[in-house]
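**Student:** Just a sequence and a predicted model for now, questions to come.
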Amino acid sequence: MTREINILKSIDWITISLYVLLLIIGWLNIFSSCYNEETSSILNFTERYGKQFIWIISSLVIAIIILFTNTNYYTIFSYLIYATIILINIAVLLIGKEINGQKAWFEIGWVRIQPSEFLKFATCLALAKFMSKKNFQINNKINLLIISFITLLPLAIILLQKDTGTALVFLSFVFMFYREGLTPIVLFSSLISIILFIMSLLLPQNIIIYTLIIITLIIFFLFNGNYKYLLYSVVTLILTYLILTFIEHFYPNNLLSQYHITIIALIFSLIAFIITFYKKIKYGRLTIALFLLFTGYIHAVNYIFNNVLEPHQQARINELLGKSNDLKGTGYNVMQSKIAIGSGGLTGKGFLQGTQTKYNFVPEQTTDFIFCTIGEEQGFLGSTLFLILYSIFLIRLIYIAERQRLAFSRIYGYGVISIFLFHFIINIGMTIGLVPVIGIPLPFISYGGSSLWAFTILLFIFIKLDAERFKYLA
């Protein structure tokens, strides 16, 4: 059942106030990072801060339109919106403008539109529509396949546009899935995958295989509580390894490296294990499957890193992991970012007084590295206050999502939260050198029209859905 509501009284004005405050902070910092005495007017429309003002005004117009749009349009046309924006992103691959190696923009005069940004809210709508259907069970295999397809299709298209940063944002939907009942093993597997990913790039493959062997043996022991299984596995592996090493030493054919010997020894030990102990050990099939899966994963990581990633992406990851230290090349951005933030000290240099960002020592200081301006001019205290403000904004979104009466609104809300949280963590992490530089903006703070429009649409659809929650009787 539904009832009439006063939309203006039902709107969450706290969230809208936070949104406007973040827009103002972003605009002022864009102005400060570009400021020079010759073009000192904040409404100079030839400069980025002048153009950003136009984007802000147009975003506010979009927000107002959304607030007075019937929410039934979002639920009824979710799939159509998703499909339309998918087709537009395919079109940009064919007729779009290529910038910095990425074919991801339509350009009309000075205006550039990046369609991939709008895939975020479209995917949120499609997932919310599908997952809110009656009797939906997220752990059902068919349902998992469908939501994976809805999520990974835009990711794949954006990868074809060579925009890895935007593509990775879609992986954040795992948090939405977890909130809707996805088994925690997925998050655990994601954590293991990250650890193995880092190990695969830092350590030789044979060292990782040895580590996996030890982990597997420990798992065997924990599952069964019997030392003899651990002992049998160790003895089998050692004997096989020694025999192969002996053969290679006395009958060398230069075909078997230590890595190959390890793999063959492992295969023989697994065969012996399966034949002798398989039926006596609990979860034996699962443990072996996980071991083989992780072994295949580390090989895949190395293949993708060496054969799929672009050279500059490889260099950024190597820089982050400490495998290279090219301060004049791939490490330059992060080095200058750290210098800018560190130079701010406790209280900062003051508004318009930054030098590292204003004089272009920090590349992309108005977009990906906008946080440097805050750190340099407002110092540790100002940066902390900003992080607290943004955290309050995110917490407010969680609070709003949890009070929804319709599954569609709650699921969409957690999609919004996942995207904003991912952007927030990764963007700040980039500027202080904790994550690789993948080139994603800080929502409402970084310069950019497409991203600002897309984030505004994403947020205000949620605000509108929340405003109408009182239509539905609890």
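**Tutor:** Nice, thanks for sending it over. Numbering: from 1, shown residues only.
**Student:** how about the biggest strand by length in the chain as PDB, C-alpha atoms only?
**Tutor:** Longest strand in the chain, counting residues (DSSP state E): strand 102-108. The C-alpha trace of strand 102-108 is given here as PDB (Å, rounded to 0.1, in the frame of the first residue of the first chain):
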ATOM      1  CA  GLN A 102      42.100   5.900 -24.200                       C
ATOM      2  CA  LYS A 103      39.200   6.000 -26.600                       C
ATOM      3  CA  ALA A 104      36.600   6.900 -24.100                       C
ATOM      4  CA  TRP A 105      35.200  10.400 -25.000                       C
ATOM      5  CA  PHE A 106      32.800  12.200 -27.200                       C
ATOM      6  CA  GLU A 107      34.100  15.700 -27.900                       C
ATOM      7  CA  ILE A 108      31.900  18.700 -28.900                       C
END
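**Student:** List the buried residues for that strand?
**Tutor:** 102-106 (16 or more other C-beta atoms under 10 Å). Just so you know, the C-beta spots here come from the backbone N, C-alpha and C atoms, and that holds for glycine as well.
**Student:** How is the chain divided into domains?
**Tutor:** Domain assignment of the chain by automatic domain parsing yields the ranges 7-179+326-365+377-471, 203-309.
**Student:** Tell me which of those domains sits nearest to Leu196.
**Tutor:** Leu196 lies closest, by C-beta to C-beta, to one member of the domains of the chain: domain 203-309, at 5.7 Å.
**Student:** pLDDT averaged over that closest one, what's the number?
**Tutor:** For domain 203-309, mean pLDDT is 66.
**Student:** winner for burial among the domains of the chain?
**Tutor:** domain 7-179+326-365+377-471 (a mean of 18; mean count of other C-beta atoms under 10 Å).
**Student:** wait, isn't Phe130 in contact with Ile150?
**Tutor:** Yes: Phe130 is in contact with Ile150 according to C-beta atoms under 8 Å; the separation is 6.7 Å.
**Student:** give me the low-pLDDT residue ranges for the stretch 1-150 of the chain?
**Tutor:** Across the stretch 1-150 of the chain, residues meeting the criterion (pLDDT under 70) sit at 1-7, 39-40.
**Student:** Nearest residue to Met131 in space, please, no chain neighbours.
**Tutor:** Ile411 (5.1 Å; C-beta to C-beta, 6 or more residues apart in numbering).
**Student:** show me the residues around the one you found that make contact.
**Tutor:** By C-beta atoms under 8 Å, 6 or more residues apart in numbering, the residues touching Ile411 are 127-128, 131-132, 176, 180.
**Student:** Output those as TSV; include the columns secondary structure and distance to Lys51.
**Tutor:** Putting the contacts of Ile411 into TSV (DSSP: H, G, I helix; E, B strand; the rest coil; distance: C-beta to C-beta, whole Å) gives the following:
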residue	secondary structure	distance to Lys51
Leu127	helix	33
Ala128	helix	33
Met131	helix	38
Ser132	coil	38
Met176	helix	33
Glu180	coil	39
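**Student:** which of those sit farthest apart?
**Tutor:** Ser132 and Met176 (11.9 Å).
**Student:** quick one: which of the contacts of Ile411 is nearest Ile64?
**Tutor:** Ala128 (22.8 Å).
**Student:** Sounds good, over and out.
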